[in-house]
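Chemist: can't give you the sequence, but here's the structure:
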């Protein structure tokens, strides 16, 4: 694949010039409240910038990405048909993971959605990330140095909004494999001048001892891992709530929209947990993040960074846009990358959007209720549909249950598909858990109570669903 | 600890100005052969720059590091007594790990050898590393952003000298914990614009599959791990020698001076293994590195980067300087850091120095025979002294032995200390291995032959010595 055409070059220059117009390169915030003045832009200004970016990125993708060019041609859409947010939504059908997987299967290992040629990559590539969440062919994304400068600023805006300040120090407790969350935070902490205690490649005991000795103020990990590590410390005779930890920057799994999990996490550590939400495909940086306001009424929410991404919600079945305030699946158009700009990619988490102003001063759209399960994770049991997070909420509703639980789906000899939920507890709470599940998911299931701390715990994303049904 | 004095500030400014004078900030080499023109400086120029740096760093350490100030005062040495390499060696006794450990024990967790105050660290710290090699209290070192810019250039010089070029891409296979090797290479690859496939936090099978799918050209790992991964690939039916790998950047363990290990590694991968030698204490960057010449006669060697570090060799017992060409322990004065400059730190690996010009054009001193064991690792068995690498050479000398081996030291019921060496082999080679050990170490020991691939393999530094003797 080569892209030597004059039009390819010209559209690339135009797109990079637009990006450059809005680029910041700073290690300090613009005001005590905000990392960037973009945080407080009016909605008109946000939308004007989105429109300018859409008009530049569409021809760039057409001329430089084989995947996008084929799609434009097949749909009979011209790049100039996508000139703003409205025309993008009207003319450009949603890109699904399935579509990307087919491309990656046909053109291994990278697919053709990138805008860089093989020659470009050999000359200047930077880092490779792989989608981790869903089954099927992994989709691989590479991001250049140029892109990295853009995410450092986006992530700094998110971390600063969540509350991190000069004087904080972080311990990232991740494996540093090809997962975007860890590297995005790591490079941003360096950019912000915040000290880092590298917590990769060691076990919970070593990490507990690092926290005790070096007194970092911020955990960076998945919510499951923060729960796990807290329990490890308790077993060691240490109290997580009495440590130096004041913040948890958590990604990779939904948690603040999962009733019971956020409370459990914050109680355990006596620290504030903030969201760092995104996906590998449409953003190597944080898309959704916490602000100081945090809740509307009882409902937690996150902001989306709209000057660099256009976020929508769509109906799970029709993929048509749903109105603000209605529950829908997240869709992201990434307007902050040279190598992996994307138009209307179906991220697929459920949320409800609100464009009402936030008391924090940020006018960027919010996701009310945060994230409550990715559509890929939907379980369909005998026609009844529910998400693992609903089971999680049921488990959390029974006091004294362990942090881990398992959902086991099997087919009986008589052909009936059934669910068994394993929970940890000192006493027999099977009936109570079953009742909580029934009230949330309208399904009857077997609940098995096992001895506390016997279910396996994972260091990255927790594996809690075991589907062993006959296909 | 605070350092508010005018002299502290003034000496810091002077030291940083000297550092700045020689700082480069580049992503590309100055010529096709050399990353930096410092590589080909004359010895006179190298020594003049060393002298200039020593004269500036000595007062800086006196005024800004509690550890150094106490030592100057106790020794009755004035900072101005250290004005060049000769006066440094004449007036400043060697700093040992023991001395640093005592300081770290008395002032946990960091000791007082840094030149940054607690306030400085809270404001701008960057990353923490911990000594891993020896027993005892871990000595912890923090390096600032300012320092990182200096290592990126030092490491780029080393990697470029080893042969890495634009178009190469790397897979670091390390845990990304607080070990300086991995992070130093990681940040430098980014600086050099070389693509990275992040290989942290996954197992050998996943790494083998990354190599197969993404075709990186450079492994970054310990020599033991490169051997281990090659065997994993063979078990998976893949041939490491047929992969995309052309280079191995290896650190953390001696290997190119260990007869048999280098050959085994290069044969397995059909790739060139280059050294990336250093220590946490006196340098967060590469001190010793390979050049295209690689061997003098049959003897491998590495260069030391002398404009930023002064390297010496000393007698193991007296710690007095030994002449060039004589075997001695490495000592490093680090002249390339704000936060962790060090004067005459006993790194403690054995080598022989040569200041003869090298055919590669680099005039920086060389370590002939590379490194052959750190003095901390010396085994004393019934008064006979030898290094684990001597056992390693004996094992490698017998064809068909597995990559791993173990040295087990125990005390018999009659009070006699004995050694048992475990090797992997298809047939009974116990006598041959015992003979090879006897000829190298002048010691008789039991050799036990176990089934191939049954000795445990570690992902980072291999643990091969198990000392269970009565104390």
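Modeler: Thanks, I have the structure now. On a predicted model such as this, the values are computed, not experimentally measured, just so you know.
Chemist: now the longest helix seen in chain A, how far from the centre of its chain.
Modeler: In chain A, assigned by DSSP state H, the helix with the most residues is helix A:43-64. Computed by Cα atoms, centre = their mean, to the nearest Å, the chain-centroid distance of helix A:43-64 equals 23 Å.
Chemist: name the helices or strands packed onto it?
Modeler: Counting contacts by 3 or more Cβ pairs under 8 Å, 6 or more residues apart in numbering or on different chains; DSSP states H and E, helix A:43-64 packs against helix A:6-21, helix A:66-75, helix A:85-91, strand A:342-354. Where you see a C-beta, it was placed from the backbone N, CA and C, and this is true even at glycine.
Chemist: out of these, which gets nearest to chain B?
Modeler: Of all the helices and strands packed on helix A:43-64, helix A:6-21 sits nearest to chain B, with 16.7 Å by Cβ to the nearest Cβ.
Chemist: adding distance to residue B:316, write the helices and strands packed on helix A:43-64 out as a markdown table.
Modeler: Formatted as a markdown table, those follow (distance: least, Cβ to Cβ, whole Å):
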| stretch | distance to residue B:316 |
| --- | --- |
| helix A:6-21 | 58 |
| helix A:66-75 | 63 |
| helix A:85-91 | 71 |
| strand A:342-354 | 61 |
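Chemist: winner for burial among those?
Modeler: Neighbour counts (mean count of other Cβ atoms under 10 Å in any protein chain shown) averaged over each of the helices and strands packed on helix A:43-64 peak at strand A:342-354, with a mean of 23.
Chemist: low-confidence ranges, chain A, go.
Modeler: Along chain A, the parts satisfying pLDDT under 70 run over A:1-4, A:132-137, A:459-460.
Chemist: farthest from the middle of it: give me that residue.
Modeler: Relative to the mean C-alpha coordinate of chain A, counting by Cα atoms, centre = their mean, the farthest residue is residue A:414 (40.1 Å).
Chemist: before we move on, what SS does that one have?
Modeler: Put simply, residue A:414 is coil when judged by DSSP: H, G, I helix; E, B strand; the rest coil.
Chemist: could you measure from it over to residue A:443?
Modeler: Per Cβ to Cβ, to the nearest Å, residue A:414 is found 18 Å from residue A:443.
Chemist: ok, residue A:142 next?
Modeler: Counting by Cβ to Cβ - residue A:142 and residue A:443 are separated by 42 Å.
Chemist: can you tell me which residues contact residue A:19?
Modeler: The neighbours of residue A:19, taking Cβ atoms under 8 Å, 6 or more residues apart in numbering or on different chains as the test, are A:53, A:150, A:336, A:338.
Chemist: can you tell me which of those are in helices?
Modeler: A:53, A:150.
Chemist: save the contacts of residue A:19 as CSV, and put in distance to residue B:455 and neighbour count too.
Modeler: Listed next are those as CSV, based on distance: Cβ to Cβ, whole Å; neighbours: other Cβ atoms under 10 Å in any protein chain shown:
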residue, distance to residue B:455, neighbour count
A:53, 57, 26
A:150, 48, 24
A:336, 49, 25
A:338, 48, 22
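Chemist: tell me the one of the contacts of residue A:19 nearest residue A:16?
Modeler: Of all the contacts of residue A:19, residue A:16 sits closest to residue A:338, with 6.3 Å by Cβ to Cβ.
Chemist: tell me the contacts of that closest one?
Modeler: Contact analysis of residue A:338 by Cβ under 8 Å, 6+ apart lists A:12, A:15-16, A:19, A:115-116, A:144, A:146-147.
Chemist: for the stretch 201-350 of chain A, which segments are assigned as strands?
Modeler: A:218-221, A:247-250, A:272-277, A:288-289, A:295-296, A:299-304, A:309-314, A:327-334, A:342-354 (DSSP state E, counting those that start in this stretch).
Chemist: how distant is the fifth one from the center of its chain?
Modeler: Taking Cα atoms, centre = their mean, one finds strand A:295-296 lying 20 Å from the centre of the chain it belongs to.
Chemist: stretch A:208-218 vs chain B: in contact?
Modeler: Yes - counting by Cβ under 8 Å from any Cβ of the partner chain, chain B has neighbours in stretch A:208-218: A:210, A:213-214.
Chemist: which of those residues fall in helices?
Modeler: Judged by DSSP H, the subset of those located in helices is A:210, A:213-214.
Chemist: give me the buried subset of the residues you listed.
Modeler: Neighbour counting by 16 or more other Cβ atoms under 10 Å in any protein chain shown classes A:210, A:213-214 among those as buried.
Chemist: will you turn these into a markdown table that also has distance to residue B:107?
Modeler: Shown next, in a markdown table, are these (distance: Cβ to Cβ, whole Å):
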| residue | distance to residue B:107 |
| --- | --- |
| A:210 | 18 |
| A:213 | 13 |
| A:214 | 14 |
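Chemist: and the contacts of the helix or strand hosting residue A:98?
Modeler: Assigned by DSSP states H and E, residue A:98 belongs to helix A:97-106. Helix A:97-106 has contacts (Cβ under 8 Å, 6+ apart) with A:67, A:110-113, A:131, A:134, A:136-140, A:281, A:346, A:348, A:376.
Chemist: restrict those residues to contacts with chain B.
Modeler: Residues shared between the contacts of helix A:97-106 and the neighbourhood of chain B are residue A:140 [Cβ under 8 Å from any Cβ].
Chemist: now do the contacts for residue A:373.
Modeler: Listed by Cβ under 8 Å, 6+ apart, the contact set of residue A:373 reads A:254, A:349-350, A:387-390.
Chemist: max pairwise distance over the residues you listed: which two?
Modeler: Of all pairs drawn from the contacts of residue A:373, the widest gap by Cβ to Cβ lies between A:349 and A:390 and measures 14.3 Å.
Chemist: so residue A:449 belongs to a strand, correct?
Modeler: Yes - per three-state DSSP, residue A:449 lies within a strand segment.
Chemist: was I right to think it contacts residue A:432?
Modeler: No - here residue A:449 does not reach residue A:432: they are 9.9 Å apart, not a contact under Cβ atoms under 8 Å.
Chemist: sorry, back to before: can you turn the buried part of the contacts of helix A:97-106 into a ChimeraX selection?
Modeler: To isolate the buried members of these in ChimeraX, using 16+ other Cβ under 10 Å:
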select /A:67,110,111,112,113,131,134,137,138,139,140,281,346,348
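Chemist: in helices, which of the contacts of helix A:97-106 fall?
Modeler: Short answer: those in helices (DSSP H) are residue A:67.
Chemist: quick check: angle from the longest helix of chain A to helix A:6-21?
Modeler: Compare the direction of helix A:43-64 with that of helix A:6-21 by axes from the mean of the first three to the mean of the last three Cα atoms, to 10 degrees and you get 150 degrees.
Chemist: quick one: contacts of helix A:43-64?
Modeler: Contacts with helix A:43-64, where a contact means Cβ under 8 Å, 6+ apart, come from A:3, A:5, A:7-8, A:10-12, A:14-15, A:17-19, A:22, A:41, A:68-69, A:72, A:79-85, A:88, A:115-116, A:306-307, A:310, A:333, A:335, A:341, A:343, A:355, A:363-364.
Chemist: now it: buried residues?
Modeler: Those buried within helix A:43-64 under the rule 16+ other Cβ under 10 Å are A:46-47, A:49-64.
Chemist: tell me, how many residues neighbour the closest residue to chain B within the stretch 201-350 of chain A?
Modeler: Proximity of the stretch 201-350 of chain A to chain B (Cβ to the nearest Cβ) peaks at residue A:201, 1.6 Å away. Applying other Cβ atoms under 10 Å in any protein chain shown, we find 20 residues neighbouring residue A:201.
Chemist: equivalent analysis for the one 3 residues further on, please.
Modeler: Neighbourhood size, residue A:204 [other Cβ under 10 Å]: 19.
Chemist: give me every residue that touches residue A:151.
Modeler: Contact partners of residue A:151, counting by Cβ under 8 Å, 6+ apart, are A:143, A:184, A:187-188, A:283-285, A:336.
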